[in-house]
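Undergrad: What shape does this take:
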Amino acid sequence: MKNKLCLLLMSCLLLLSLTMCNEQTKKLSELVKFSKNDPFTASVSASHFYGIDAKQDNVVEGDNGTIIVFPRGCFKNTKGEIVEGNVKIELSESLSLDEMILSNLTTQSNGQPLETDGMIYFNATLNGEQLTVNKDNPVHIEIPTKEKKPGMMAYKGIRDEKGNMNWVDPKALDTFLVPIDFSLLDFLPEGFYTAVEHGMPYKNHQTANKELADSLYYSLSVTNGSELVKGLVNTDLNEPYYNKHNQVVKGKYTKQSFNVKPQLPDTLMRDSSNATDTCKYCGIDPAMIKAIKSGKYQHTLIATREFEIRLKVIFKTCHKDVLEVYAKNTGKNMYELDSMAEKLVHDNRYSHDFTRFYEQHLTNVKNADKYASLLEGYYEKQLRRIHEKLESAKEKWVKQLDKKNREAEKDADEYRKLLWEREKYRMQTYGFNWTEMGWINIDTGTIPKTWGPQRLEVTINNAAAYDRIYTYVVYTSIKSLYRLNTDDNELFYVGNKDEKKMLMPKHQAAFAIAIAYKGENAFLFIQQFETGTNEQFSLSLDLASLKEIKLKIKSYDRYAKENRISADLEYMDKFFTEQKRQKQLWKERDFIRDLYNITRPCRETQSAPVTEHVY
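TA: Numbers count the residues shown, from 1 in each chain. Model prediction:
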């Protein structure tokens, strides 16, 4: 007996087959796996039991990979009647050499040695009553193999009371294609699963799995990821007076005037994922794959390794009509469909693949006509239902995204009002007629002023050690607050990047206050300086509790709300959370975009890639 495990169909229809013909009305004796006196009862391969509904088609998969297809109407009772009820299936697999030895499954046929590739035992009962297999509608057994060997036969086994086996009545194996469970097939484009693995972690998933990959793939039928970053709110805001890009419209600042950095134009926020496809065949709609990877196709040529191989090529052709050749014609032989596909892609570089497939001259699954009749009109209906469900799911999460964006916009609106009040307070303190927004002459009159434009730059030492830093200047002489701008979270400055100046009291005491965070820890630095004299300095922050920080800034927190550091920090916390959300959305958008491009390998249009994200 050879140790190499390959295709088994030691078709253990066993004694069931003996009792079917001409004995339909006779009392059946109970079929047993082994007798009470069998010396190998303790070591024989264990049985597993499965319940199936005989009123429908069923597939049972054993722990070691044996697959048995039970079509509706495959069992009869002792009266010869087709049964409909909950049938109990017993299955025992002996596919390895040690299992065969322990079960005493010797490989002899009437004293002659056999070359075996494995053995199984199965039985079926209904409420304890022995059943027979309907010879007009038999079960189909498939046992895993690494290599199909020519000349293999299926033998019926007879076991005596001493546990000796004799294999008799050999039958040639079927030449049909054999369906297997869809969970064992890879219906994703080449490289898709690897890209999913590289994109981890994603949402609540730390590692990739087949269910996640399938879900992501199907979602690409209705999205390319662009919805994730649509309508995001710019929360990098500060007083508009010193912003180089500020605008005054009808005497008021615009929303964009408060942005420290200008929003990227829409044209720069678009990429190839959003471009309009101009090619005729840009890729296979993932919804089409979901439509055929369903229960009604489980017993057709779609659920075979042979179709899996063809699907990999179909993806590369980007020709949906080729996929539909196979999906809509499951009653035809595989080689006929290969020929039809080759004609559709005769001018495609993959046409030779379908020629090669055709030359294999593969047929179809058993009872193909029966299952094909069940699928009439199913594909179009299923595809429509899938699109509706995917669109509904998309609409749901888009609404959730819109809700978050509206909340962020509300916070931004409130903060812009606070910034406007802060700026207005400072300018009015300097003596301006500040009744409306518009051009203002800051040099009217000849009276010497106690204020003027002056520079201020603050460098934070070891800035990279912190998650976020906020630096303020407090002008105690006028009870005014200003939050410094930064481009790198290290150098902070007043005014704008080019000038680094702002109107401030001349030679007055002021305080620079820096507050930083690293995880749950907070840090603080406060330094007094004289305006106009100390224009540049660096500082190092010290670890401090939130309680300590609140206590130390209390003396600067008695001003009007718009000039309180604590009020400003509340918005900074909100915006930091929002910016983290937006950063994650951009990351997810890039991930989905990469997956989308894998599903659309034949796209002809490409737009300029995004070079910067706005958080």
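Undergrad: How is the protein divided into domains?
TA: Split into domains by automatic domain parsing, the chain comes to 14-174, 451-570.
Undergrad: what's the average pLDDT for the longest one?
TA: Taken as a whole, domain 14-174 has an average pLDDT of 70.
Undergrad: quick one on the thing from earlier: I'd like the domains of the chain as a markdown table, with mean neighbour count and distance to Gly283 appended.
TA: The C-beta positions use only the backbone N, C-alpha and C, and glycine is treated the same way. Output for the domains of the chain, formatted as a markdown table (neighbours: other Cβ atoms under 10 Å; distance: least, Cβ to Cβ, whole Å):
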| stretch | mean neighbour count | distance to Gly283 |
| --- | --- | --- |
| domain 14-174 | 16 | 31 |
| domain 451-570 | 17 | 41 |
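Undergrad: what's the residue closest to the geometric middle of the protein?
TA: Leu216 (3.4 Å; Cα atoms, centre = their mean).
Undergrad: what residues does the strand or helix carrying that residue touch?
TA: Using DSSP states H and E, Leu216 maps to helix 210-219. Contacts with helix 210-219, where a contact means Cβ atoms under 8 Å, 6 or more residues apart in numbering, come from 183, 188-189, 192-193, 196, 202, 205, 286-287, 289-290, 386, 390, 393-394, 592, 595, 599.
Undergrad: List the strands paired with whichever helix or strand comes after that helix, with their directions.
TA: Sequence order places strand 248-249 as the next helix or strand after helix 210-219, per DSSP H and E. Sheet pairing of strand 248-249 (DSSP bridges) gives strand 252-253 (antiparallel).
Undergrad: what mean pLDDT does the strand it pairs with have?
TA: Mean predicted lDDT for strand 252-253 stands at 90.
Undergrad: residue ranges with poor pLDDT in the stretch 201-350 of the chain?
TA: 263-281 (pLDDT under 70).
Undergrad: where do the helices sit along it?
TA: 210-219, 266-269, 286-292, 305-317, 320-327, 334-344 (DSSP state H, counting those that start in this stretch).
Undergrad: returning to what we had before: now the buried members of the contacts of helix 210-219.
TA: Using 16 or more other Cβ atoms under 10 Å as the burial test, the contacts of helix 210-219 include 188-189, 192-193, 196, 202, 286-287, 289-290, 386, 390, 592, 595, 599 as buried.
Undergrad: Could you give me the buried positions within stretch 298-308?
TA: The neighbour-count check on stretch 298-308 (16+ other Cβ under 10 Å) flags Gln298, His299, Thr300, Leu301, Ile302, Ala303, Thr304, Glu306, Phe307, Glu308 as buried.
Undergrad: could I have it exported to CSV, CA atoms only?
TA: Taking C-alpha atoms only, stretch 298-308 is exported to CSV below (Å, rounded to 0.1, in the frame of the first residue of the first chain):
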residue,chain,number,x,y,z
GLN,A,298,-22.7,26.1,-5.5
HIS,A,299,-23.4,23.0,-7.5
THR,A,300,-22.4,24.5,-10.9
LEU,A,301,-19.1,24.8,-12.8
ILE,A,302,-18.7,28.2,-11.3
ALA,A,303,-17.9,26.5,-8.0
THR,A,304,-14.9,24.6,-9.4
ARG,A,305,-11.1,25.0,-9.3
GLU,A,306,-11.3,25.0,-13.1
PHE,A,307,-13.4,28.1,-13.2
GLU,A,308,-11.3,29.7,-10.5
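Undergrad: and the spatially closest residue to Val69 that is not a sequence neighbour, backbone torsions?
TA: Sequence neighbours aside, His140 is the residue nearest to Val69 in space, at 4.2 Å (criterion: Cβ to Cβ, 6 or more residues apart in numbering). For His140, the backbone dihedrals are phi -120, psi 130 (criterion: degrees, to the nearest 10).
Undergrad: with the buried residues of stretch 298-308 in mind, which one is nearest to Tyr571?
TA: Of all the buried residues of stretch 298-308, Glu308 has the smallest distance to Tyr571: 54.9 Å, by Cβ to Cβ.
Undergrad: Quick one: residues in contact with stretch 184-194.
TA: Contact with stretch 184-194 is made by 208, 210, 213-214, 217, 284, 289, 293, 303, 305, 308, 311-312, 315-316, 595, 598-599, 601, as judged by Cβ under 8 Å, 6+ apart.
Undergrad: so who does Gln382 touch?
TA: Gln382 neighbours (Cβ under 8 Å, 6+ apart): Ala291, Ser294, Lys296.
Undergrad: distance of the first one from Glu211?
TA: In other words, Ala291. Applying Cβ to Cβ, to the nearest Å, the value for Ala291 to Glu211 is 18 Å.
Undergrad: The two - which one has more neighbours?
TA: Ala291 (25 against 10; other Cβ atoms under 10 Å).
Undergrad: Let me know the distance separating that one from Leu237.
TA: Distance of Ala291 to Leu237, computed by Cβ to Cβ: 48 Å.
Undergrad: ditto for Ser219
TA: From Ser219 across to Leu237, the span is 34 Å (Cβ to Cβ).
Undergrad: out of those two, which sits in the busier spot?
TA: Counted by other Cβ under 10 Å, Ser219 and Leu237 do not tie: Leu237 has more neighbours, with 23 against 20.
Undergrad: How about that one: what's its closest non-neighbour residue?
TA: With sequence-adjacent residues excluded and distances taken as Cβ to Cβ, 6+ apart, Leu237 is closest to Phe258, at 4.6 Å.
Undergrad: got the residue ranges for the helices in this protein?
TA: Assigned by DSSP state H, the chain shows helices spanning 14-20, 97-102, 192-198, 210-219, 266-269, 286-292, 305-317, 320-327, 334-344, 351-359, 368-374, 378-429, 546-552, 565-599.
Undergrad: Buried by neighbour count: which residues of the fourth one qualify?
TA: Going back to what we said before, that points to helix 210-219. Across helix 210-219, burial judged by 16+ other Cβ under 10 Å covers Leu212, Ala213, Asp214, Leu216, Tyr217, Tyr218, Ser219.
Undergrad: what distance separates it from the centre of its chain?
TA: Helix 210-219 sits 5 Å away from the centroid of its parent chain (Cα atoms, centre = their mean, to the nearest Å).
Undergrad: Convert the C-alpha atoms of it to PDB, please.
TA: Only the C-alpha atoms of helix 210-219 are listed here, as PDB (Å, rounded to 0.1, in the frame of the first residue of the first chain):
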ATOM      1  CA  LYS A 210     -10.800  36.300   3.900                       C
ATOM      2  CA  GLU A 211     -14.100  37.800   5.100                       C
ATOM      3  CA  LEU A 212     -12.600  41.300   5.400                       C
ATOM      4  CA  ALA A 213     -11.000  41.000   1.900                       C
ATOM      5  CA  ASP A 214     -14.300  39.900   0.400                       C
ATOM      6  CA  SER A 215     -16.200  42.700   2.100                       C
ATOM      7  CA  LEU A 216     -13.700  45.300   0.900                       C
ATOM      8  CA  TYR A 217     -13.700  43.900  -2.600                       C
ATOM      9  CA  TYR A 218     -17.500  44.000  -2.900                       C
ATOM     10  CA  SER A 219     -17.700  47.500  -1.600                       C
END
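Undergrad: That one to helix 378-429, inter-axis angle?
TA: Interaxial angle of helix 210-219 relative to helix 378-429 (axes from the mean of the first three to the mean of the last three Cα atoms, to 10 degrees): 80 degrees.
Undergrad: what angle do helix 210-219 and helix 565-599 make?
TA: Between helix 210-219 and helix 565-599, the angle comes out at 80 degrees (the same axes, to 10 degrees).
Undergrad: start at 837 instead
TA: Got it, first residue is 837 now, which makes that one helix 1046-1055.
Undergrad: How about Lys1337: which residues does it bridge to?
TA: For Lys1337, the beta-bridge partners under DSSP bridges are Arg1291.
Undergrad: contacting residues for it?
TA: Contact analysis of Lys1337 by Cβ under 8 Å, 6+ apart lists Pro1289, Gln1290, Arg1291, Leu1292, Val1330, Gly1331.
Undergrad: same question, Glu1033
TA: The neighbours of Glu1033, taking Cβ under 8 Å, 6+ apart as the test, are Thr1043, Ala1044.
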